[in-house]
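[1] Next comes the sequence, and after it the predicted model I'd like to discuss.
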Amino acid sequence: MEDTLLEKMSESIVTLNRAMTIRMVGEALKKGVDPLEIIERGLSPGMRSIGDKFQRLEVFLPELILGSRIFTEAMKLIEPIILKMGVERKIEGTVVIGTVKGDVHNIGKDIVAMLLKTAAFEVHDLGVDVEISKFIKKANEVTADIIGLSSLLTSTMPIQKDLIQILKERGERNKFFVMVGGGPVTQRWADEIGADGYALNAEEAVRRASALMQKKR
């Protein structure tokens with residue numbers, strides 16, 4: 001029953017059926033389905049399917065944007081419940097996160113931000129299409145421990161490298177850990193640009209962020 005519900009939820013995003021997506025999420029929550037399961041097996045597969053279709057030119061930017069909006073609206077129903085699942089804990093660390101300049105993808109970044117909050121991180125989400133200067137300014141303002149850079153387009157990956165280089169030039173490289181992620185990003189790329197962390201998915205990003213904070217202590 002749960003599998004069928006999550007499959008229908010995924011299909012509703014692919015078909016851009018907002019009403020059905022919201023209804024399916026509500027139904028799943030009422031049935032006590034784990035919120036993370038809703039994300040990982042219901043919502044995320046649907047968005048990945050739209051992304052694949054976009055890459056194959058089977059759908060275009062308006063469809064991609066609409067799918068993203070439906071996903072984000074559904075996530076707003078889930079996030080409060082996930083946060084309630086956590087217990088009051090000491091702040092693990094402070095993270096400034098965003099999608100780099102020239103890239104407007106937000107799905108993966110939003111999930112990472114939400115799970116970091118669940119793991120007791122203080123998260124400052126700058127959104128998408130974020131200038132390097134804005135990342136650095138905010139990181140200094142909030143005394144961040146980690147700067148998280150998301151890039152879903154190969155063409156915007158060099159911005160991750162540029163930010164690290166600018167931190168070095170400003171003598172601030174040792175002030176922040178820099179984590180990178182996104183579809184085309186790999187461990188090899190992270191090593192090449194001198195990033196402190198890379199994660200293939202949101203769950204791994206949280207584990208890596210926690211490991212970096214342990215290292216700092």
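    Cool, got the structure.
[2] Could you use CA atoms for every contact and neighbour count after this?
    OK.
[3] Alpha carbons only: can I get stretch 125-141 in PDB?
    Extracted in PDB, the C-alpha atoms of stretch 125-141 (Å, rounded to 0.1, in the frame of the first residue of the first chain):
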ATOM      1  CA  ASP A 125      20.100  29.200   3.000                       C
ATOM      2  CA  LEU A 126      21.000  31.900   0.400                       C
ATOM      3  CA  GLY A 127      18.800  30.400  -2.300                       C
ATOM      4  CA  VAL A 128      19.900  30.000  -5.900                       C
ATOM      5  CA  ASP A 129      22.100  32.000  -8.400                       C
ATOM      6  CA  VAL A 130      24.300  33.200  -5.500                       C
ATOM      7  CA  GLU A 131      27.300  35.400  -6.000                       C
ATOM      8  CA  ILE A 132      30.600  34.400  -4.500                       C
ATOM      9  CA  SER A 133      30.800  37.600  -2.500                       C
ATOM     10  CA  LYS A 134      27.400  36.900  -1.000                       C
ATOM     11  CA  PHE A 135      28.500  33.500   0.300                       C
ATOM     12  CA  ILE A 136      31.600  35.000   1.900                       C
ATOM     13  CA  LYS A 137      29.900  38.000   3.300                       C
ATOM     14  CA  LYS A 138      27.200  35.900   5.000                       C
ATOM     15  CA  ALA A 139      29.700  33.400   6.300                       C
ATOM     16  CA  ASN A 140      31.600  36.100   8.000                       C
ATOM     17  CA  GLU A 141      28.400  37.700   9.300                       C
END
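[4] Lys53 should be in a helix, yeah?
    Yes - assigned with DSSP: H, G, I helix; E, B strand; the rest coil, Lys53 falls within a helix.
[5] Now do the contacts for it.
    Lys53 is in contact with Val59, counting by C-alpha atoms under 8 Å, 6 or more residues apart in numbering.
[6] Pull up the gap between it and Lys109, please.
    20 Å (C-alpha to C-alpha, to the nearest Å).
[7] got it, and Gln214?
    For Gln214, the distance to Lys109 - C-alpha to C-alpha - is 23 Å.
[8] all strands for this protein, in order.
    Residue ranges of the strands in the chain, as given by DSSP state E, are 93-99, 121-125, 146-150, 177-181, 197-198.
[9] Can you tell me what sits against the second one?
    Applying C-alpha under 8 Å, 6+ apart, the set of residues contacting strand 121-125 from outside is 91-98, 113, 116-117.
[10] Below-threshold pLDDT in this protein: ranges please.
    In the predicted model of the chain, residues 1, 55, 86-89, 118, 217 satisfy pLDDT under 70.
[11] ok, now which ones touch the nearest residue to Lys138 once chain neighbours are set aside?
    Computed as C-alpha to C-alpha, 6 or more residues apart in numbering, the closest residue to Lys138 that is not its neighbour in sequence is Val96, at 7.1 Å. Counting by C-alpha under 8 Å, 6+ apart, Val96 touches 123-126, 135, 138-139, 144, 146-148.
[12] Looking at the residues you listed, which one is closest to Phe60?
    Proximity of the contacts of Val96 to Phe60 was ranked by C-alpha to C-alpha; the top entry is Leu126 with 25.5 Å.
[13] Next one: that closest one from Gly51, what distance?
    Using C-alpha to C-alpha, Leu126 is found at 22 Å from Gly51.
[14] Between these two, which has more neighbouring residues?
    Gly51 (21 against 16; other C-alpha atoms under 10 Å).
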